[in-house]
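A.B. asks: Here is my input; please provide its structure:
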Amino acid sequence: MIGVHEPAVRERGAWVGLSVGLVGLAATLLVLARGGGYFVVVPRLAFVLPLTVVGGVTALASLGVGRRSLNAVVWLGVVALGGVAWNFLVYSFKFGSGVWGVLIALAHPTGIDFRDGLYNPALAFSTAHSGWPPLTLLLGRPFTLVSFSTGYVIQVCILVALAVVATALSAALGVKTVCVPDRSGQGRRVDAPLLALVMGLWLLTSYGFMYEVERGNIDLYALVFSLLSVWLMIRSRGSAWWPAALLAVATGLKLYPAVLLVVLVWRYRWRALAPAVVTTLAALLVAGPGQLQHSLTALNSLQTNRHAEWWGQDSAAAMAHVLHAHTSWAPSWIVIPLFVVPLVLWVLTMGGLVRRGWSERGGVLAAAACVPMMLIVPTVSNDYKLVLCVFPLAVLAAVVATMRREPGALWAVLFGVLSFAMIFLARSTIVVAPSLQASKYTLLLVVQALLLAVVVLTRDDDPVSS
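C.D. replies: Numbering: from 1, shown residues only. Below you'll find the model as predicted:
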């Protein structure tokens, strides 16, 4: 009976993908038929052509999942390649070497965040004008041994290396959430190297990474230390001091990883309190109380700067600003639901996991669910922080690829939405801005909703891969 029903179930998933693809194809043909030149046609295709790719790949993946020769993660790799072709190559053909000015809001000098946030503050050993936490003074100190330009080149090399490490860690954590046996007792596994390859392709070609490198920012530093902390949380059954210390370093570089303290406390309960307090205070006070006060004052000034709330940001406050600027219906209090909705999704996800009790799988899902909050809650949340999304996307890829249920209509919807998020989170904001399409806020809500969905739809007692 199983053999009879499985093809029919797969076909239902394929029809979902095919329907979406045909809608996208029809809209694409309509846009091409209307014409209007490159600068008219390309913006109009920015949504419908990727929709065609997502629908087509979803249909093929629905038919192929469960067969040894076809793996859902491979199909996500096809999606990532499609995103590269649209997000980068289509503009490169037109603008050549000038494409960077089209894709990124270039600033002078290149590496301005590295200069103003790391290099110059380390030279003066003061955070009064950077708004970055005091630990960055120690991080920036070695760079001051060379010139700014040389230091920036070194920073770029480090960022590339950290991107590779972050991808590998994200994939390794992602496979900890899955290894779901089918009815025959054979589990559908996700290979960490394959997942890392696909997510590395996504990250290294994404707008967020290009933006991070151009600015010379340090979000990838914070991400790697955060992921190392999560890794120790799920692997270590002993002391909470090492995970707390790594998380404190991440928080000392960028304050937003502090949300992962929720996961640390869930993992170690009361044993996490002293390590969390001691290490976090040590990281924040490492350069002295005065430097912490300078950082908070500068950060508060930056957070209250209305100019910072532009369409190249991902926060709820920035989304409210975009709505006010581009619609006539958005009330002044729209920022409240924009904060509340992601908070509710996060609470529901965390609550569902905590009720089931601690597990490696639950810990990874909880940590992944914290990432969108890191981008949405701060008032200033520039697009280079999108590099953080490699972690929740890797987790979702692993879970969706190995869900227990057969790849029917529901699976096709989950796969298709994940594919859509991957393409559009990697897309440059600049090429569609200023507009509501440019904001990544809605896409971050989609990632949150997907994480909540996989928590609800997958069983807590599913064994994890080793």
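A.B. asks: Strands of the stretch 101-250 of the chain, residue ranges please.
C.D. replies: 180-181, 187-188 (DSSP state E, counting those that start in this stretch).
A.B. asks: avg pLDDT for the last one?
C.D. replies: If I follow you right, that is strand 187-188. For strand 187-188, mean pLDDT is 52.
A.B. asks: quick one, what contacts the closest residue to Thr167 other than its chain neighbours?
C.D. replies: Counting by C-beta to C-beta, 6 or more residues apart in numbering, Gly200 is the residue found nearest to Thr167 once chain neighbours are left out, at 4.2 Å. C-beta: built from backbone N, CA, C; applies to glycine. By C-beta atoms under 8 Å, 6 or more residues apart in numbering, the residues touching Gly200 are Ala163, Val164, Thr167, Ala168.
A.B. asks: Let me have those in CSV, extended by neighbour count and distance to Ser226.
C.D. replies: Output for those, formatted as CSV (neighbours: other C-beta atoms under 10 Å; distance: C-beta to C-beta, whole Å):
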residue, neighbour count, distance to Ser226
Ala163, 22, 14
Val164, 16, 16
Thr167, 24, 14
Ala168, 20, 14
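A.B. asks: Closest one of these to Pro392?
C.D. replies: The closest of those to Pro392 turns out to be Thr167 (C-beta to C-beta; 12.9 Å).
A.B. asks: Is the closest one in contact with Met199, as I believe?
C.D. replies: Yes: counting by C-beta atoms under 8 Å, Met199 is a contact partner of Thr167 at 5.1 Å.
A.B. asks: list the residues that contact both of the two?
C.D. replies: Val390, Ala394.
A.B. asks: And the helices in the stretch 201-350 of the chain, which stretches?
C.D. replies: 207-215, 219-235, 241-253, 261-268, 273-284, 289-303, 316-326, 335-356 (DSSP state H, counting those that start in this stretch).
A.B. asks: Tabulate those in TSV, adding columns for distance to Phe47.
C.D. replies: TSV is the format used below for the helices of the stretch 201-350 of the chain (distance: least, C-beta to C-beta, whole Å):
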stretch	distance to Phe47
helix 207-215	16
helix 219-235	27
helix 241-253	35
helix 261-268	35
helix 273-284	42
helix 289-303	32
helix 316-326	16
helix 335-356	22
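A.B. asks: out of these, nearest to Ala397?
C.D. replies: helix 219-235 (15.6 Å).
A.B. asks: Now do the buried residues in that closest one.
C.D. replies: 219-234 (16 or more other C-beta atoms under 10 Å).
A.B. asks: now stretch 13-32
C.D. replies: Gly13, Ala14, Val16, Gly17, Leu18, Val20, Gly21, Gly24, Leu25, Ala27, Thr28, Val31.
A.B. asks: What of stretch 30-44?
C.D. replies: Val31, Val42, Arg44.
A.B. asks: Quick one: residues in contact with that stretch.
C.D. replies: Leu45, Val48, Val90, Tyr91, Lys94, Val431, Val432.
A.B. asks: Filter those residues down to just the buried residues.
C.D. replies: Leu45, Val48, Val90, Tyr91, Val431, Val432.
A.B. asks: For the stretch 151-300 of the chain, which residues score under the pLDDT cut-off?
C.D. replies: Applying pLDDT under 70 to the stretch 151-300 of the chain flags the ranges 179-189.
A.B. asks: rerun at 90
C.D. replies: Applying pLDDT under 90 to the stretch 151-300 of the chain picks out residues 177-191, 235-239, 294-300.
A.B. asks: Of the contacts of Gly200, which pair is most distant in space?
C.D. replies: Among those, Ala163 and Ala168 lie farthest apart (C-beta to C-beta), at 9.8 Å.
A.B. asks: buried sites along the helix or strand containing Leu443?
C.D. replies: Element membership of Leu443 [criterion: DSSP states H and E] is helix 441-457. For helix 441-457, a neighbour-count test (16+ other C-beta under 10 Å) marks 441, 443-455 as buried.
A.B. asks: Which strands and helices lie in contact with that helix?
C.D. replies: Helix 441-457 is packed against helix 316-326, helix 335-356, helix 360-376, helix 390-401, helix 409-425, with contacts defined by 3 or more C-beta pairs under 8 Å, 6 or more residues apart in numbering; DSSP states H and E.
A.B. asks: Go through those helices and name the closest to Ser239.
C.D. replies: helix 360-376 (16.3 Å).
A.B. asks: Show me what that closest one is packed against.
C.D. replies: helix 148-175, helix 219-235, helix 261-268, helix 335-356, helix 390-401, helix 441-457.
A.B. asks: returning to what we had before: any idea which of the helices and strands packed on helix 441-457 is most buried?
C.D. replies: helix 390-401 (a mean of 28; mean count of other C-beta atoms under 10 Å).
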